[in-house]
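K.L.:
My questions concern the predicted model and sequence given below.
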Amino acid sequence: MDVKHLEGIPLFADLDRKQRARVAQLADEIDVAAGKELATEGRLAYEFFVIVDGTAHVEVHGEPKGTLGPGDFFGEIGVLESEHRRVATVKADTPMKLLVMTAHEFRGLMPDLPGVANKVRAAMAERTAAAS
């Protein structure tokens with residue numbers, strides 16, 4: 001993964017070069033087809049995703065909850081909380097390019113990147129409140 005590429009992703013934009021290099025080392029960039037189910041509600045959570053390109057929709061208990069696009073991320077609740085289970089289903093609406101980190105890599109990265117950790121925690125709190 002190209003370190004320079006991470007500058008354009010809001011979650012990582014405030015990191016210094018060394019921090020972005022660490023993220024780039026841990027993250028894989030993947031392409032997925034439209035229609036691909038990326039996370040399934042109730043299943044074990046193994047990855048954290050950041051959308052580089054494309055869109056996906058989110059459902060909870062079969063009900064639409066919104067659309068995600070470039071710069072958005074998902075999978076953090078299942079990876080960091082919720083007993084490692086997904087709390088929503090996320091499905092690609094278009095072909096997508098994603099950054100993916102394993103749960104282990106993502107959890108290990110959070111203590112060293114407080115700015116990223118704060119953004120992720122804020123999104124978790126907002127999403128959890130919206131689901132209540």
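P.N.:
Structure's in. What do you need? Computed from a predicted model, the values in this text were never measured in an experiment. Numbers count the residues shown, from 1 in each chain.
K.L.:
Residues touching the longest helix belonging to the chain, excluding its own?
P.N.:
Longest helix in the chain, counting residues (DSSP state H): helix 114-131. Here helix 114-131 makes contact (C-beta atoms under 8 Å, 6 or more residues apart in numbering) with 11-12, 14-15, 60, 65, 73, 76-77, 80-81, 87, 109-111. C-beta here means a position set from N, CA and C on the backbone, and glycine is covered the same way.
K.L.:
Do you know the pLDDT at the closest residue to Glu29 other than its chain neighbours?
P.N.:
Spatial nearest neighbour of Glu29, excluding adjacent residues (C-beta to C-beta, 6 or more residues apart in numbering): Met1 at 5.4 Å. Looking at Met1, its pLDDT is 74.
K.L.:
do Ser82 as well
P.N.:
Ser82 carries a pLDDT value of 58.
K.L.:
How about the one 3 residues further on?
P.N.:
The per-residue pLDDT reported for Arg85 equals 85.
K.L.:
need the strands for the protein, in chain order.
P.N.:
Applying DSSP state E to the chain gives strands spanning 28-32, 37-39, 47-53, 56-60, 63-68, 73-74, 89-92, 96-102.
K.L.:
pLDDT averaged over the fourth one - what is it?
P.N.:
The one in question is strand 56-60. Here the average pLDDT along strand 56-60 is 96.
K.L.:
For this protein, give me the ranges with low pLDDT.
P.N.:
Along the chain, the model assigns pLDDT under 70 to residues 82, 131-132.
K.L.:
List the buried residues of stretch 98-115.
P.N.:
Neighbour-count burial for stretch 98-115 flags 98-101, 103, 105-106, 109-110, 113 (criterion: 16 or more other C-beta atoms under 10 Å).
K.L.:
Alpha carbons only: can I get that stretch in PDB?
P.N.:
In PDB, the C-alpha atoms belonging to stretch 98-115 read as follows (Å, rounded to 0.1, in the frame of the first residue of the first chain):
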ATOM      1  CA  LEU A  98     -11.200  -1.100   0.400                       C
ATOM      2  CA  LEU A  99      -8.400  -0.900   2.900                       C
ATOM      3  CA  VAL A 100      -8.700  -3.900   5.200                       C
ATOM      4  CA  MET A 101      -6.900  -4.600   8.500                       C
ATOM      5  CA  THR A 102      -7.300  -7.700  10.600                       C
ATOM      6  CA  ALA A 103      -9.000  -7.300  14.000                       C
ATOM      7  CA  HIS A 104      -5.600  -8.100  15.700                       C
ATOM      8  CA  GLU A 105      -3.700  -5.500  13.600                       C
ATOM      9  CA  PHE A 106      -6.400  -2.900  14.100                       C
ATOM     10  CA  ARG A 107      -6.600  -3.400  17.900                       C
ATOM     11  CA  GLY A 108      -2.800  -3.300  18.100                       C
ATOM     12  CA  LEU A 109      -2.600   0.000  16.100                       C
ATOM     13  CA  MET A 110      -5.200   2.000  18.200                       C
ATOM     14  CA  PRO A 111      -2.900   2.700  21.300                       C
ATOM     15  CA  ASP A 112      -0.200   4.200  19.000                       C
ATOM     16  CA  LEU A 113      -2.600   6.400  17.000                       C
ATOM     17  CA  PRO A 114      -4.700   8.300  19.500                       C
ATOM     18  CA  GLY A 115      -6.200  10.600  16.800                       C
END
